[in-house]
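**Q** Model the following, please.
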Amino acid sequence: MKFFSQRNAALMATSTMVSLGCLSGHARAADQMEIMESQIRAMQSQLAVMKKEHNEEVKRARAVLAHQREEAENNPYSQRAGYINPNARGGQTSWNVSTPLLAPPRTASTPYGEITGTPPAHSSLYGPLRRGQIQVGGIRITLGGFAEAATIWRSRNTASDISTGFNAIPWGNNAAAHMNEFHQTERQSRLAALVEGKISSKLEADAYVETDFQGAGSASNSRQSNSYVLRARLFYGELKDQADDLQILGGQNWSLITMFNKGMSARDEQIPLTIEAQYVPGFNWTRNSQVRIVKGFDNSRYHVGLSIENPSAVPSGSPYEPGSTVVTYKESGANVNNPDTYYATDVAPDIITKFSADPGWGHYELTGVMRFLHDRTSVTGSGQSHTSVAGGGGGGLILPIINKKLYFQASGLVGVGIGRYGTSNIPDYSFNQNGSTHPLPEANVLLGVYGNPTKALRLYAYAGAEEVRSRAYFNAGGKSYGYGNPLYNMSGCNTELSSLCAAGANVHTVAQGTTGFWYDYLKGDYGTVRVGAQYSYTYVDSFSGIGGAPHTSDNMVFMSLRYMPFN
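**A** I've put the predicted structure just below:
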């Protein structure tokens, strides 16, 4: 009994100790909860203070931004701007008047973009406003262009302005070939605007317009009051998907056949640096309506592009039309088209594809084009349409011989019916005896070097040529037809006022060598004042015929003074 009494007493003592321990544990838990609640209340209090400070900071930042916008409107070159000072007493943000309000301007990252004030192809819509930019809500507008006063001297009178008709240089039978010419012109002066907006963080839309005054209306003249009209050089819209490296473009732009400086983005084209607005023979280009899609790969090191472009075939000579046969291959303009020129009877767009690579040193391209030349042969009561498939291929490259100092470029195109894409605009086709189109075999090439020996001075030199590679002709009804027919009379091409010269319609080669410079005379917040000079020698020859193989040439000197207010 004593044993059981002792055991019960021990159990009771143990139970009491457990009970006391549980009560102690609950007390400690309650104390910890009180501590935690106290800490939470303190943190909530600190959070409220932080929110209040944040709201005050946001108000101050918004006030500064509003002030910046007001300053930008009143004086875009003021020195007012704010910055965050992390060392300010109490951790408060402070604002200081020390840095320019607007960032320096940017142009397209190409040599041509720099001398023409072309807005950039790869802009940042999240960065600070730059000089020459305007922000309207979520839309950013970048202005570009220049005002130019240019002078032109040619050893033969071509009656051209700043753009020379290279294949229309007069031959020796034309009195104009024995007269030089001098002109002053402002017509290359350019206005440009890029409008951009973000649809999402990865999707961007933009529109670009670029105009000059190289259009001519019915009242345009250079006698008493110059009246040359504004024309559309470029006018297109783009959708850029940065996540998928995809670009879609629609409107009037440089043809996809034009070589790029890097990648394949609009406004990254590699245009010759000449003052001459017709550029250099051998340069491949058009500016026309198109729908283009470009896809990039491997972090934009490689691109492929496809462009569906507005066609305009260039015929040569007159077709053979025996009896009552009529060959229809062009029509005069009507309605809003120019009634003083012709429009080819095109039935399908030109199709251009391109592959470009920027592996790390240099830029490389491969290009192909397909065209559809069309006409119709008719007699009373019936007729037959003809379509000839034409096109060709080529490529180009740009090599940094001395990085940022000296560059070499080369490009070329070979095929049939591709004359339209050369700057000399030699014909695309002649005619077969049955009246159908005959694409001419053609080729062109352009070589160039350019560089900056100093920051303010840019030098350039180009050599290029375009050629109809072989004749395409026939004789019928006692007359000669086609292109380069050896029975064409060339005997009077060197006799002033002679009518015996068929050379102008049978050009074989147009070649040119040119060199020049651009110098930044003044550059600062007010913009850039740039001066330039260029000399070129152009040689043109014809297929041989009766009386020999004539040729002509022209020496040209250009001077330019440009003011670029936005760059």
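**Q** Could I get the full set of strands for the stretch 451-567 of the chain?
**A** 457-468, 472-476, 479-483, 507-524, 527-542, 551-564 (DSSP state E, counting those that start in this stretch).
**Q** wait, which of these is closest to Ser316?
**A** Nearest of these to Ser316, taken as CB to CB: strand 479-483 at 5.3 Å. Heads up, the C-betas are built off the backbone N, CA and C, glycines and all.
**Q** buried sites along the closest one?
**A** For strand 479-483, a neighbour-count test (16 or more other CB atoms under 10 Å) marks Ser480, Tyr481, Gly482, Tyr483 as buried.
**Q** Could you measure from the one residue sitting closest to the centre of the chain over to Glu114?
**A** Closest residue to the average C-alpha location of the chain: Arg267 at 2.8 Å, with CA atoms, centre = their mean. Separation of Arg267 from Glu114 (CB to CB, to the nearest Å): 12 Å.
**Q** what's the overlap in contacts for those two?
**A** Ala108 (CB atoms under 8 Å, 6 or more residues apart in numbering).
**Q** I'd like to check which residues are in contact with the residue nearest to the centre of the chain.
**A** Applying CB under 8 Å, 6+ apart, the residues near Arg267 are Ala108, Thr110, Gly113, Thr118, Pro119, Pro120, Ala121, Tyr208.
**Q** Repeat the analysis, applying 6 Å as the threshold.
**A** Listed by CB atoms under 6 Å, 6 or more residues apart in numbering, the contact set of Arg267 reads Ala108, Thr118, Ala121.
**Q** Tell me the secondary structure of it, please.
**A** coil (DSSP: H, G, I helix; E, B strand; the rest coil).
**Q** And for the one 5 residues further on?
**A** The three-state label for Pro272, taken from three-state DSSP, comes out as coil.
**Q** measure it to Val136 for me?
**A** 35 Å.
**Q** Give the residue from those two that has the larger number of neighbours.
**A** Pro272 (23 against 9; other CB atoms under 10 Å).
**Q** of the buried residues of strand 479-483, closest to Ser200?
**A** Tyr483 (54.2 Å).
**Q** and the residue nearest to that closest one when sequence neighbours are not counted, what pLDDT?
**A** Nearest non-adjacent residue to Tyr483, counting by CB to CB, 6 or more residues apart in numbering: Ser430, 4.0 Å away. pLDDT for Ser430: 97.
**Q** Show the contacting residues for Ser430.
**A** Ser430 neighbours (CB under 6 Å, 6+ apart): Ser316, Gly317, His438, Ala472, Gly482, Tyr483.
**Q** just Ala219 next, same as before
**A** Contacts of Ala219 by CB under 6 Å, 6+ apart are Ser227.
**Q** Distance of it relative to Gly144?
**A** 29 Å.
**Q** And Gly132, by the same measure?
**A** Gly132 is 7 Å from Gly144, by CB to CB.
**Q** list the residues that contact both of the two?
**A** In terms of CB under 6 Å, 6+ apart, Gly132 and Gly144 are both contacted by the residues Phe566.
**Q** after the helix or strand Lys52 falls within, next one along is what?
**A** Following DSSP states H and E, the helix or strand that holds Lys52 is helix 2-74. Next in sequence after helix 2-74, counting helices and strands by DSSP H and E, comes helix 111-116.
**Q** just how off-centre is that following helix within its chain?
**A** Offset of helix 111-116 from its chain centre (CA atoms, centre = their mean, to the nearest Å): 11 Å.
**Q** in the next helix or strand after that helix, what counts as buried?
**A** As assigned by DSSP H and E, the chain's next helix or strand after helix 111-116 is strand 133-136. Buried residues in strand 133-136, counted by 16+ other CB under 10 Å: Gln133.
**Q** how distant is stretch 518-534 from the center of its chain?
**A** Put simply, stretch 518-534 sits 22 Å off its chain's centre (CA atoms, centre = their mean).
**Q** Test my guess that Ser470 contacts Pro441.
**A** Yes: using CB atoms under 6 Å, Ser470 is in contact with Pro441, at 5.4 Å.
**Q** ok, those two, which is more surrounded?
**A** More crowded of Ser470 and Pro441, by other CB under 10 Å: Pro441, with 17 against 12.
**Q** Find the nearest non-adjacent residue to the more buried one, please.
**A** Per CB to CB, 6+ apart, closest to Pro441 is Arg469, 4.3 Å.
**Q** Could you report the pLDDT at the one you found?
**A** Value for Arg469, per-residue pLDDT: 97.
**Q** try Trp518
**A** Trp518 carries a pLDDT value of 98.
**Q** please renumber so the chain begins at 57
**A** Okay, using 57 as the starting number, the last item reads as Trp574.
**Q** residues in contact with it?
**A** Trp574 makes contact with Ile171, Arg514, Arg586, Gly588 under the criterion CB under 6 Å, 6+ apart.
**Q** and if you look at Lys107?
**A** Lys107 touches nothing, counting by CB under 6 Å, 6+ apart.
**Q** Look up how far Ser480 lies from it.
**A** 71 Å.
**Q** Report all helices and strands that the lengthiest strand in the chain contacts.
**A** Looking across the chain with DSSP state E, the single longest strand is strand 438-458. Strand 438-458 sits against strand 419-435, strand 462-472, strand 493-495, with contacts defined as 3 or more CB pairs under 6 Å, 6 or more residues apart in numbering; DSSP states H and E.
**Q** Make a markdown table from the ones you listed and add distance to Lys386 and mean neighbour count to it.
**A** Below are the helices and strands packed on strand 438-458 laid out as a markdown table (distance: least, CB to CB, whole Å; neighbours: other CB atoms under 10 Å):
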| stretch | distance to Lys386 | mean neighbour count |
| --- | --- | --- |
| strand 419-435 | 8 | 20 |
| strand 462-472 | 19 | 19 |
| strand 493-495 | 11 | 24 |
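**Q** what would those strands look like in a markdown table with mean pLDDT and distance to Asn391?
**A** Output for the helices and strands packed on strand 438-458, formatted as a markdown table (pLDDT from 0 to 100; distance: least, CB to CB, whole Å):
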| stretch | mean pLDDT | distance to Asn391 |
| --- | --- | --- |
| strand 419-435 | 97 | 21 |
| strand 462-472 | 98 | 33 |
| strand 493-495 | 97 | 26 |
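**Q** Out of those strands, which gets nearest to Thr443?
**A** Among these, the nearest to Thr443 by CB to CB is strand 419-435 (4.9 Å).
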